[in-house]
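In: no sequence for this one, just the structure:
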């Protein structure tokens, strides 16, 4: 680890487990109940949601500075959510392969230029879910093939409008917020081609 990040080192003791019992299981997740010992030495009951897929998110950024977004009804909170194209990849699959599949299936796009831009733990106090974020450039159309449970709307909007909606809480999906902010950061620090960065930063 470089000197710049020396402050990231762990402190104290890790959690310890005295017993574990799976209390729920389906094809996508399981829930395990643990009798545990906290880093403070105190006993604790802990429940962990384990995911059977990696989470995948893609920012499809077009050459004109627009992004393609997806709208759909989400079950857990009963809300309608606009977000970047997202999905899951089996644990043994390269996340990039999952990203390519989700982009094609959800919004009918393929990309010639793929860039991994962020890895996230989505809710690490209760879940082991890990998300991989990608930037997709040099886009062209293909046939969309959404899942049979997905009724998707698709919109192509200026990047600045998408970012404004995300930071205003109008698109609260965590992958969407984080990855749009990451692409903006890439434009600021020079990690995007200059012409594309100018479009991303245009107000």
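Out: On my side now, so go ahead. Since the structure is predicted, the reported quantities are computational estimates derived from the model, not experimental observations.
In: show me which positions of the lengthiest helix in the chain end up buried.
Out: For the chain, the helix with the greatest residue count under DSSP state H is helix 174-189. Buried residues in helix 174-189, counted by 16 or more other C-beta atoms under 10 Å: 175-180, 182-184, 186-187. All C-beta atoms are positioned from the backbone trio N, CA, C, and that covers glycine.
In: what's that helix packed up against?
Out: Counting contacts by 3 or more C-beta pairs under 8 Å, 6 or more residues apart in numbering; DSSP states H and E, helix 174-189 packs against strand 53-60, strand 79-83, strand 109-121, strand 130-141, helix 159-167, helix 194-201.
In: so what touches it?
Out: 55, 57, 59, 61, 67, 69, 82-84, 86, 117-118, 120, 122, 131, 133, 135, 159, 162-163, 166-167, 171, 191-192, 196-197, 200-201 (C-beta atoms under 8 Å, 6 or more residues apart in numbering).
In: now stretch 43-53: mean pLDDT?
Out: The average pLDDT within stretch 43-53 is 95.
In: mind checking how far the residue nearest to residue 24 when sequence neighbours are not counted is from residue 41?
Out: Take residue 24 and drop its neighbours on the chain: the residue closest to it by C-beta to C-beta, 6 or more residues apart in numbering is residue 31, 4.1 Å away. From residue 31 over to residue 41 the distance is 26 Å, taken as C-beta to C-beta, to the nearest Å.
In: neighbour count winner among the two?
Out: residue 31 (16 against 8; other C-beta atoms under 10 Å).
In: return the residues in contact with residue 114.
Out: Neighbours of residue 114 in contact, by C-beta under 8 Å, 6+ apart: 96, 99-100, 134-137.
In: for residue 120, give me its contacts.
Out: So residue 120 contacts 130-131, 133, 174-175, 178 (C-beta under 8 Å, 6+ apart).
In: distance check, the residue nearest the centre of the chain against residue 186.
Out: Residue closest to the mean C-alpha point of the chain, counted by C-alpha atoms, centre = their mean, is residue 175 at 3.6 Å. As judged by C-beta to C-beta, residue 175 and residue 186 stand 16 Å apart.
In: repeat that for residue 72.
Out: As judged by C-beta to C-beta, residue 72 and residue 186 stand 27 Å apart.
In: isn't there a helix covering residue 191?
Out: No - looking at residue 191 with DSSP: H, G, I helix; E, B strand; the rest coil, it is coil, so not inside a helix.
In: what helix or strand does the closest residue to residue 134 other than its chain neighbours sit in?
Out: Excluding its sequence neighbours, the residue lying closest to residue 134 (C-beta to C-beta, 6+ apart) is residue 99, at 4.6 Å. Using DSSP states H and E, residue 99 maps to helix 95-107.
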